[in-house]
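>>> need a 3D model of the sequence below.
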Amino acid sequence: DILKNFIGRYVEPGAVIGIAVPGIVERDTVVACDVLPKLVGWSANTLLNPKVGQVSLANDANAALHATVIDLAGDKTAITVMVGSAIGCGLMIDGKVLRGAGGWAGELGYWPVQISGAQWGRLDDVAGGRYMANRLNVDGSQLAQLSHQGHRAALDVIAEGGRALGRALGGIINLLNPHRLSVGGGTLKLAGYWEEAQTQIKASAIPSMLEECEIRTVHELEDLVAMGAAQIALISLR
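Residues are numbered from 1 along each chain as shown. Presented below is the predicted three-dimensional model:
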C-alpha cells in the first residue's frame, strides 16, 4: 500500500518503476529472503498501476552493483558487497552481471567459515550485524553504541566478524581477480570492524591481484541501491 500511494502521488505517467529487495528474485517475484521473510512470494505484479508501464524488481546487492560500476568500462570485473544485518554480494564478470544457474549467485553470507574447533558456520553468523548483536543479546543500535564505548565483549565479537569478512573478501579477490571491490553498509561503522577486515584482506589476497584491485568503501548505500534499481528498470525498457 505504501508503494501504491507513492506511485499515486505522481501526476505524470511513469514508464517504469525500479524496486530493490534484500532477497532472491525470480521473474519479478521474491523467492527467498532471510532478512524479511514475509516478502517471500511477493510479486511486483501487485503494483501494476495505470500510471506505470511496468515494474522492475531486483536484488538489492545487484542494484548496488549497478550503481557502483557506472563509471567502469564495459569489460571490467567488479564486486559490490553489502554488509548490514546480513551480507550480500553483486558480481560483474567481464562486464556482465553474474546471476548463476538460478539467479542465486552472490550469496556471500553463506561463505563457510570456521567458528571454533571443528565447528563451521556461515559468514553471516560471524560477520553479519544482526548476528553479532544476537550473540550479545542486544540489537544493532546497542551493538554500535557498545562498540564506540569500548565495551570489550562487543569489540571482541566485532573484531572476529571483521576478520571473517576480510578473509572472505581476500578469497573472492583471489577467485575473480576484480578491477574493483566496493564495500558498504551500516556494519562498517562498528568500531574496528572494517580495520580488521582490511588487515585480513591484505593477509589473504594474492599480492599481485590485490594491487590490481581498487578497494573502496561506499556511503549512502540506500541511495546507491535506489539508483541501481532505477538503472536496472531503465535497462529493462530497451
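>>> so what's Ile24 up against?
By C-beta atoms under 8 Å, 6 or more residues apart in numbering, Ile24 lies in contact with Val30, Val31, Ala32, Cys33, Asn59, Gly103, Trp104. Every residue, glycine included, has its C-beta placed from N, CA and C.
>>> which residue packs closest to the last one, ignoring adjacent ones?
Which is Trp104. Spatial nearest neighbour of Trp104, excluding adjacent residues (C-beta to C-beta, 6 or more residues apart in numbering): Ile24 at 5.8 Å.
>>> and the lengthiest helix in the chain, which residues are buried?
Longest helix in the chain, counting residues (DSSP state H): helix 152-176. Neighbour-count burial for helix 152-176, with 16 or more other C-beta atoms under 10 Å as criterion, is recorded at 154-155, 157-173, 176.
>>> gap between the closest residue in space to Ser56 that isn't next to it in sequence and Gly184?
Closest residue to Ser56 apart from its sequence neighbours, by C-beta to C-beta, 6+ apart: Ala233 at 3.8 Å. Going from Ala233 to Gly184 by C-beta to C-beta, to the nearest Å gives 21 Å.
>>> just say helix, strand or coil for the residue nearest to Ser56.
helix (DSSP: H, G, I helix; E, B strand; the rest coil).
>>> report pLDDT for it.
The model reports Ala233 with a pLDDT of 84.
>>> just to revisit the earlier point, so what touches the helix or strand just after the longest helix of the chain?
Going down the chain from helix 152-176, the next helix or strand is strand 180-184, by DSSP states H and E. Strand 180-184 is contacted from outside by 64, 68-69, 72, 76, 78-83, 169, 173, 194, 197, 213-219, 221, 224, using C-beta under 8 Å, 6+ apart.
>>> please pick the buried ones from those.
Buried among these by 16+ other C-beta under 10 Å: 64, 68-69, 78-83, 169, 173, 194, 197, 213, 215, 218, 221, 224.
>>> how distant is the helix or strand harbouring Thr80 from the center of its chain?
Using DSSP H and E, Thr80 falls within strand 78-83. Distance of strand 78-83 from the chain centroid (C-alpha atoms, centre = their mean, to the nearest Å) equals 6 Å.
>>> also stretch 99-108?
13 Å.
>>> for that stretch, the averaged confidence score.
Per-residue scores along stretch 99-108 average to 87.
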